[in-house]
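Trainee: Prediction below, plus the sequence it came from.
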Amino acid sequence: MNTEPDPRLDAHGNPLPLSPCPKCGSPNDAATSCDETDPEEKARPVPGDVTVCIRCAAILQFTETMAVKEVQLEELDADDDTKFQLRRLQQHVRRIDWKKE
């Protein structure tokens, strides 16, 4: 039995809306937690949480309607470790060769 939280649901168990990345237009309808210390029931996004576009590495923040908007790293009210982790995620995403698909 799979105990992982469904990446297509928000913290209330509602489906995440299909929300295009404001930077590249790539459709986003899922989010995966990178916080291994977070209990499974809290691993789903809530408004204000941030994510990284899997296509262009833009930093995105969930709005009240769970759509995404682009934000700059400097704008975030986040600790240094969170900002570091976001930069690492951006580096990994930028290494993906989408032309191989």
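Mentor: Great, that's in hand.
Trainee: where do the strands sit along this protein?
Mentor: For the chain, applying DSSP state E gives strands covering 19-20, 27-28, 50-52, 59-62, 68-70.
Trainee: Give me the mean pLDDT for the first one.
Mentor: Which is strand 19-20. Regarding strand 19-20, the rounded mean pLDDT is 90.
Trainee: distance between that strand and the chain's centre?
Mentor: 12 Å (C-alpha atoms, centre = their mean, to the nearest Å).
Trainee: Just checking: what are the partner strands of that strand?
Mentor: Using DSSP bridges, the strands paired with strand 19-20 in its sheet are strand 27-28 (antiparallel).
Trainee: Return the helix or strand in the chain with minimum mean pLDDT.
Mentor: strand 27-28 (a mean of 86; mean pLDDT, DSSP states H and E).
Trainee: pLDDT at the residue nearest to residue 94 when sequence neighbours are not counted, what is it?
Mentor: In space, and not counting its chain neighbours, residue 94 is closest to residue 57: 5.1 Å by C-beta to C-beta, 6 or more residues apart in numbering. Every residue, glycine included, has its C-beta placed from N, CA and C. The per-residue pLDDT reported for residue 57 equals 95.
Trainee: give me every residue that touches residue 57.
Mentor: Residue 57 makes contacts with 89-91, 93-94, as judged by C-beta atoms under 8 Å, 6 or more residues apart in numbering.
Trainee: The residues you listed, buried ones only, as a ChimeraX selection?
Mentor: This is the ChimeraX syntax for the buried subset of the contacts of residue 57, where burial follows 16 or more other C-beta atoms under 10 Å:
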select :89,90
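Trainee: Looking at the contacts of residue 57, which is nearest residue 28?
Mentor: The shortest approach to residue 28 among those belongs to residue 93, at 12.6 Å (C-beta to C-beta).
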